[in-house]
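[1] dropping the sequence and predicted coords here.
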Amino acid sequence: MNEAVIQLKNLSKYFTVETNFWGKPTSVLKAVDDFTLDIFRGEAFGLVGESGCGKSTVGKMIAGLYKPTSGEIIFQDGTDLAKLSTKDRRKYCQNIQLIFQDPYASLNPRMKVEEIIAEPLKLIGKTDSGEIYDRTKYLMECVGLSDYHMDRYPHEFSGGQRQRIGIARALAMNPDIIVCDEPVSALDVSVQAQVLNLLDDLKKEFSLTYLFIAHGLNVVKHISDRVGVMYMGQLVEYAEKNELYNNPQHPYTQALLSAIPSPNPHRKKEQILLKGEVTSPIDPPDKCRFCTRCFRKEEKCEKLSCPTWTEVSPGHFVSCHLFQ
Amino acid sequence: MERESTLKQIWGSLSQNKGAMAGLVIIVILAIIAVIGDSIAPYDPEYSDMTACFVAPCAEHIFGTDQLGRDIFSRVLSGTRISLTVGIIAVSISLTIGTVVGALAGYCGGKVDMVIMRIMDMMLAVPSILLAITFMAALGKGIDKAVIAIGLVSIPEYARIVRGSVLSMKQNEFVQAARVMGNKDSVIIFKHILPNILSSIIVRATLGISTAVLDTAALGFLGLGVQPPAAEWGDMLGRSRSFIFNAPHTLIFPGLAITLTVLAFNMLGDGLRDALDPKQRK
């Protein structure tokens, strides 16, 4: 146990917003800034945060869609994926797969379901058409589709079914880690549960590791073993699931947890309302990114530079000046 | 086996489409005329009977005769071969090069995009006929060179359309999925992107045929394309321009021939576009 499948070290991704006449960037958007995390074999790590906090960017960097500005992505065999050329990076594609957010955009409308699922199989070097057919059929059964669906096109399916096709496609490569980029955000609540349960079952069956990205803590709670909270491109707190939900330390996590709607209408809940301006991710100052909205802000928070990690209890890390 | 059934589906959908089938029938007829046109023509298309100029359509000359007393029906038949070939080949040239260049520019972006599109802009900045004349000055006279020149001149139009469509298609998650799977860029472009932008390309290409025929006429008019007395639709149209009020039939019939050809390709193209799109196919 506890062998890291992927280690992210000081991972950053900056997007240039403006350049001067000579093409030198004068203004950068720090989508992900100094992101460090180990994801262990067999776990589901849930990554939450509000829109635009950079969680999808982290996922896309791991999946190889974005090249990190700096930092390392160490795969389990010790290779730094961030340093590889596009050509060498392709060899690792079968180890890391991605499930997309929008099931209506993630499937090629001109390909049949069979072709969609068989494509990764061909890419990992399977040539025997009988073998490909059997494997495709098996994968479709795994995600709860029937073999008569094979000959159909994506537009003939519902959102939930399309997401299942996307999951089967990701599974086809037999990856070590699957980055689930908000896989249920675009689905109805009833279908969300089905897809989450499916992902959970598949994780056991194929001994997968997930990086599960979502913007709601309740979705993540169901599937994750550990949960991390992101704010403005930085990880602010991560811990084992129950620890984080029962004993949140970072003010942002506390506010986020208090915002989960309760299904019981009679239960009154103290909700923390965040006030103040959101810091712009464009050229942010070198201090705690949350301090403009923080309700527990102290004087030192304005003065000190970015906070560092503190282990408040075993495996529970917080990045906040209040704990230093 | 699998592939054949997809082709069968496409054909099945296409044959259901009345417009597309009408277009296909007209194209087949035109193709047959192109091959045997000279031998079924009632008169020699180049024989000039100066005693019978501007004869209105009658039993002897069903399309009438032109300013030099040549039988227009025979000339239309005989012109089919040149006009059809010119249209198809010129469009094929600009379509192929334009698509590849545009797809490269759109997909690669950055410097590649910049260089390609600036060259395209330069070509667009010069009037197309002038540019075609320049090409012909370099290539030499003759209908074959004219076709190449016309094909080259309209590359930027295709490149722009393809580039724009590729840019928007590239943002789609299925293209990212193809990249995450480790597909080569060429596979992504040809298998995932191009099939999805086919409709805009097809529409442009079918319309491009008429432009090509008319451009050939313009070149012929300047003495660079088809040399008189050879019959060519655009050329016939161009030369009878001045008789539009006195003898409209000299203009109408070659004009109709061009319109019919364009219409046929357009209808077939529309049907093809629907048949290739699984959402439209039923």
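    Received it, and whenever you're ready, just let me know what you need.
[2] any idea how far A:Phe75 is from whatever residue of the stretch 51-200 of chain A ends up closest to chain B?
    Closest contact between the stretch 51-200 of chain A and chain B, by C-beta to the nearest C-beta, is at A:Cys93 (3.1 Å). (Glycine included, C-beta is placed from N, CA and C.) Distance, A:Cys93 to A:Phe75, using C-beta to C-beta, to the nearest Å: 12 Å.
[3] number of residues surrounding residue 190?
    The chain I'm using is chain A. 8 (other C-beta atoms under 10 Å in any protein chain shown).
[4] chain B, not that one
    13.
[5] B:Val213 versus that one, what's the distance?
    30 Å.
[6] and the strands in chain A?
    For chain A, the strands defined by DSSP state E occupy A:4-19, A:25-40, A:44-48, A:70-75, A:96-99, A:177-181, A:209-214, A:226-231, A:234-240, A:309-313, A:316-319.
[7] apart from its neighbours in sequence, what residue is nearest the residue of the stretch 51-200 of chain A closest to chain B?
    B:Gly182 (3.1 Å; C-beta to C-beta, 6 or more residues apart in numbering or on different chains).
[8] is it fair to say that neighbour lies in a strand?
    No: assigned with DSSP: H, G, I helix; E, B strand; the rest coil, B:Gly182 falls outside any strand and is coil.
[9] residue numbers of chain B in contact with chain A?
    B:2, B:6, B:172-174, B:176-183, B:192, B:195-196, B:276-279 (C-beta under 8 Å from any C-beta of the partner chain).
[10] how much space separates the residue of the stretch 101-250 of chain B found nearest chain A from A:Cys301?
    Taking C-beta to the nearest C-beta, chain A has its nearest neighbour within the stretch 101-250 of chain B at B:Gly182, 3.1 Å off. From B:Gly182 across to A:Cys301, the span is 45 Å (C-beta to C-beta).
[11] also B:Ser200?
    B:Ser200 is 54 Å from A:Cys301, by C-beta to C-beta.
[12] could you do A:Ala255 as well?
    15 Å.
[13] again with A:Phe100
    37 Å.
[14] that older thread, which one of B:Ser200 and A:Cys301 has more residues nearby?
    More crowded of B:Ser200 and A:Cys301, by other C-beta under 10 Å: A:Cys301, with 19 against 14.
[15] so that one sits against A:Cys288, correct?
    Yes: counting by C-beta atoms under 8 Å, A:Cys301 does reach A:Cys288; the two are 5.4 Å apart.
[16] backbone dihedrals for B:Ile161, please?
    phi -60, psi -50 (degrees, to the nearest 10).
[17] what pLDDT does it get?
    Looking at B:Ile161, its pLDDT stands at 94.
[18] around it, count how many other residues there are.
    19.
[19] for A:Asn242, same thing?
    When neighbours are counted by other C-beta under 10 Å, A:Asn242 comes out with 11.
[20] so where's the stretch 1-150 of chain B uncertain?
    B:1-4 (pLDDT under 70).
[21] mind doing that once more with 90?
    For the stretch 1-150 of chain B, the stretches flagged by pLDDT under 90 are B:1-17, B:36-69, B:71-72, B:78-79, B:81-87, B:109-110, B:127-130, B:132-133, B:135-137, B:139-146.
[22] can you pull out the helices in it?
    With DSSP state H, counting those that start in this stretch, the ranges of helices along the stretch 1-150 of chain B come out as B:2-16, B:18-40, B:72-108, B:110-125, B:128-139, B:143-153.
[23] quick one: those helices as JSON lines, columns for distance to A:Val48 too.
    JSON lines is the format used below for the helices of the stretch 1-150 of chain B (distance: least, C-beta to C-beta, whole Å):
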{"stretch": "helix B:2-16", "distance to A:Val48": "42"}
{"stretch": "helix B:18-40", "distance to A:Val48": "52"}
{"stretch": "helix B:72-108", "distance to A:Val48": "34"}
{"stretch": "helix B:110-125", "distance to A:Val48": "34"}
{"stretch": "helix B:128-139", "distance to A:Val48": "57"}
{"stretch": "helix B:143-153", "distance to A:Val48": "56"}
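[24] CSV for those helices, including mean neighbour count?
    Listed next are the helices of the stretch 1-150 of chain B as CSV, based on neighbours: other C-beta atoms under 10 Å in any protein chain shown:
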stretch, mean neighbour count
helix B:2-16, 13
helix B:18-40, 15
helix B:72-108, 22
helix B:110-125, 14
helix B:128-139, 17
helix B:143-153, 23
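[25] quick one: which of those is nearest A:Thr69?
    helix B:110-125 (16.7 Å; C-beta to C-beta).
[26] grab the nearest non-local neighbour of the residue of the stretch 201-324 of chain A found nearest chain B.
    Nearest residue of the stretch 201-324 of chain A to chain B (C-beta to the nearest C-beta) works out as A:Leu211 at 13.4 Å. For A:Leu211, ignoring the flanking residues on the chain, the nearest one in space by C-beta to C-beta, 6+ apart is A:Val179 at 4.7 Å.
[27] what bridges to that neighbour?
    A:Leu98, A:Leu211 (DSSP bridges).
[28] per-residue pLDDT, it?
    Taking A:Val179 on its own, its pLDDT is 94.
[29] how about the one 4 residues further on?
    Predicted confidence (pLDDT) at A:Pro183: the value is 89.
[30] distance of it from A:Asn10?
    27 Å.
[31] more crowded one of these two?
    A:Pro183 (31 against 12).
[32] ok, the residue nearest to the more buried one when sequence neighbours are not counted - contacts?
    Spatially, and ignoring its direct neighbours in sequence, A:Pro183 is nearest to A:Ile99 (4.7 Å; C-beta to C-beta, 6+ apart). Shown in contact with A:Ile99 (C-beta atoms under 8 Å, 6 or more residues apart in numbering or on different chains): A:Gln163, A:Gly166, A:Ile167, A:Ala170, A:Ile178, A:Val179, A:Cys180, A:Asp181, A:Pro183.
[33] do that again at 10 Å, thanks
    Residues near A:Ile99 by C-beta atoms under 10 Å, 6 or more residues apart in numbering or on different chains: A:59, A:63, A:106, A:163, A:166-167, A:169-171, A:178-184, A:195, A:199, A:210, A:212-213, B:177, B:180.
[34] same deal with A:Met150?
    A:Lys112, A:Val113, A:Glu114, A:Glu115, A:Ile116, A:Ile117, A:Ala118, A:Tyr133, A:Thr136, A:Lys137, A:Met140, B:Glu2.
[35] and it, backbone torsions?
    phi -50, psi -40.
[36] nothing else from me, thank you.
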